[in-house]
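In: Here you go, sequence then predicted model.
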Amino acid sequence: MIPKGINTNETIYMIRHAEAHPSSTWDDGNLVGAGQWRALDLPHALRGKISPTRVYSIDPAQVYPGAYITPGDSDWSYVRPSLTVASYAIANNLPYHLVSDFEIFAKDSPKLTSDLFFFNPKFSNQTVLLAWEHEHIPPTIRALLASYFPAPKVPPVPDWPFSDFDTIWTVTLDAKGNLTVTNALCEGIDSAKLPVTVPHF
């Protein structure tokens with residue numbers, strides 16, 4: 001059933017932050033060199049594929065728990081989603097917003113994310129590019145689906161593979177609030193071909 005209060009005529013393109021892990025056990029909330037190149041290439045890679053009216057990402061002031069192999073205090077500013085889409089917003093002269101209403105790593109973050117973007121009338125009739133944390137995108141979709149289906153019948157949502165920085169998840173609400181979710185679209189940027197060294201400005 002179409003849930004009460006759902007937005008209409010809305011499309012959100014959900015992308016993962018760019019490359020950020022020099023190894024699977026290291027994390028500092030930032031991008032590595034390859035990720036910086038992906039972020040710079042994003043305006044070119046997405047040209048003709050999507051046409052958002054605004055851009056959103058996690059507020060980089062949010063604290064991330066950092067590398068679990070690092071002893072002591074290893075909390076970091078979670079800057080990589082915002083760095084990933086900043087160049088796209090600038091290149092396309094689009095409004096760029098930071099989500100600071102809640103902590104992305106809060107326990108109820110998926111439900112809060114779903115409520116913010118799909119049950120908030122300011123997003124009706126909008127097309128949004130959203131840079132998010134990849135492990136939080138499928139749970140957000142599950143939270144959205146749970147508003148359409150009774151608990152035992154919520155369709156399964158695949159996890160986002162750790163090595164996949166290219167996929168785009170597209171969430172569409174039509175004029176009546178009918179929901180379509182697909183992950184068939186890709187940025188088209190090959191991680192293996194991105195330079196390892198950081199760009200020089």
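Out: Right, received. Where do you want to start?

In: Just grab the bridge partners of the residue nearest in space to the middle of the chain for me.
Out: The centre of the chain sits closest to Trp132, judged by Cα atoms, centre = their mean, with a distance of 2.6 Å. For Trp132, the beta-bridge partners are Arg16 (DSSP bridges).

In: Which residues are in contact with it?
Out: Listed by Cβ atoms under 8 Å, 6 or more residues apart in numbering, the contact partners of Trp132 are 14-17, 57-58, 81, 104, 113, 140. For glycine as for every other residue, the C-beta is placed from the backbone atoms N, C-alpha and C.

In: Mind checking which of the residues you listed are in strands?
Out: Residues of the contacts of Trp132 located in strands (DSSP state E): 14-16, 57-58.

In: ok so, going back, closest to Ser163 out of the contacts of Trp132?
Out: Arg16 (10.7 Å; Cβ to Cβ).

In: Pretty sure the closest one sits against Asp164.
Out: Yes: counting by Cβ atoms under 8 Å, Asp164 is a contact partner of Arg16 at 7.3 Å.

In: overlap in contacts of these two?
Out: His134.

In: Looking at those two, which one has more neighbours?
Out: Neighbour totals were compared for Arg16 and Asp164, and Arg16 leads with 25 against 13 (other Cβ atoms under 10 Å).

In: on that earlier part again, from the ones in strands among the contacts of Trp132, keep the buried residues only.
Out: 14-16, 57-58 (16 or more other Cβ atoms under 10 Å).

In: Among those residues, find me the one that's closest to Ala175.
Out: Met14 (21.3 Å).

In: May I have the residues that are in contact with the residue nearest to that closest one when sequence neighbours are not counted?
Out: The shortest distance from Met14 to any non-neighbouring residue, by Cβ to Cβ, 6 or more residues apart in numbering, is to Trp169 (4.3 Å). By Cβ under 8 Å, 6+ apart, the contact set of Trp169 is 13-15, 137, 141, 181-183.
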